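[1] Please find the sequence and the predicted model below.
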Amino acid sequence: QQQVKQSPQSLIVQKGGISIINCAYENTAFDYFPWYQQFPGKGPALLIAIRPDVSEKKEGRFTISFNKSAKQFSLHIMDSQPGDSATYFCAATYNQGGKLIFGQGTELSVKP
Amino acid sequence: NAGVTQTPKFQVLKTGQSMTLQCAQDMNHEYMSWYRQDPGMGLRLIHYSVGAGITDQGEVPNGYNVSRSTTEDFPLRLLSAAPSQTSVYFCASSPLAKNIQYFGAGTRLSVL
């Protein structure tokens, strides 16, 4: 049972474009939604995160949009750069510091 | 700045062999966990621990054992390796008071 569903599986964007990755969740008890970024040969690293009491969070070129009623959240990467090429995972949890449920991952390629 | 250290980085096993994947963290984090990463499946939680002497099962625990005798170490044991356990394994740690998980660089395991 996949509690967090992520799409698309892969994404190709031109340099300077906007990358959008979507996630949907089922468990309404989830109260923390992070995004992790993973470069080849490395472990995932926290990129940005949001709680369901806000609809949007922005950090630099990265923005999370959150729709609690639809149980969906998305990552937007503005002015995408080749250095953003990586695999992105959305995740959800309902225990502070506890276990994360990950989406399937999106492999992003930003073409120069 | 060691963070989370995983050894070995690569391993090839024959079906039926046993081995232990090592994980150590030097951040005094209470929470530690093991994930496996497979294409199109994201990261799936195998086992986790909220402190020394306390472990629990995640989503895919079958075929794996863990123990937590110290805060620093959280080894993952494969008692009888199977080809289905071919994967990349990640260890992560987190302070219980925060939702940030820190990942190691991973162990790539092939079971022939």
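    Thanks, I have the structure now. Note that the coordinates shown come from a computational prediction; the quantities given were computed from them, not determined experimentally.
[2] if you skip the residues just before and after it, what's nearest to the closest residue to chain A within chain B?
    Here chain B gets closest to chain A at one residue, residue B:103, 3.2 Å apart by C-beta to the nearest C-beta. For the C-beta atoms, the positions are set from N, CA and C on the backbone; glycine is no exception. Distance criterion C-beta to C-beta, 6 or more residues apart in numbering or on different chains; nearest residue to residue B:103, sequence neighbours excluded, is residue A:43 at 3.2 Å.
[3] Doesn't the one you found lie inside a helix?
    No: judged by DSSP: H, G, I helix; E, B strand; the rest coil, residue A:43 forms no part of a helix; its state is coil.
[4] ok, now which ones touch it?
    With contact taken as C-beta atoms under 8 Å, 6 or more residues apart in numbering or on different chains, residue A:43 is in contact with B:4, B:90, B:92, B:103-106.
[5] one step back: the residue of chain B closest to chain A - how many residues pack around it?
    23 (other C-beta atoms under 10 Å in any protein chain shown).
[6] From residue A:89, how far out is it?
    Distance of residue B:103 to residue A:89, computed by C-beta to C-beta, to the nearest Å: 11 Å.
[7] SS state for the most centrally placed residue in chain B?
    Centroid check for chain B by C-alpha atoms, centre = their mean gives residue B:34 as the closest residue, at 3.1 Å. For residue B:34, the assignment made with three-state DSSP gives strand.
[8] Please name the bridge partners of it.
    Beta-bridge partners for residue B:34, by DSSP bridges, are residue B:47, residue B:91.
[9] residues touching it, list them.
    Residue B:34 makes contacts with B:21, B:23, B:45-48, B:58, B:64, B:66, B:74, B:76, B:89-92, as judged by C-beta under 8 Å, 6+ apart.
[10] give me that answer again for 6 Å
    By C-beta atoms under 6 Å, 6 or more residues apart in numbering or on different chains, the contact list for residue B:34 reads B:46-47, B:76, B:91.
[11] Pick the one among those closest to residue A:58.
    Ranked by distance to residue A:58 (C-beta to C-beta), the contacts of residue B:34 are led by residue B:91 at 31.1 Å.
[12] And the pLDDT for the closest one?
    Looking at residue B:91, its pLDDT stands at 97.
[13] pretty sure it contacts residue B:23?
    Yes: using C-beta atoms under 6 Å, residue B:91 is in contact with residue B:23, at 3.5 Å.
[14] shared neighbours of these two, which are they?
    residue B:6.
[15] list the contacts for residue 39?
    Picked chain A for this. Neighbours of residue A:39 in contact, by C-beta under 6 Å, 6+ apart: residue A:86.
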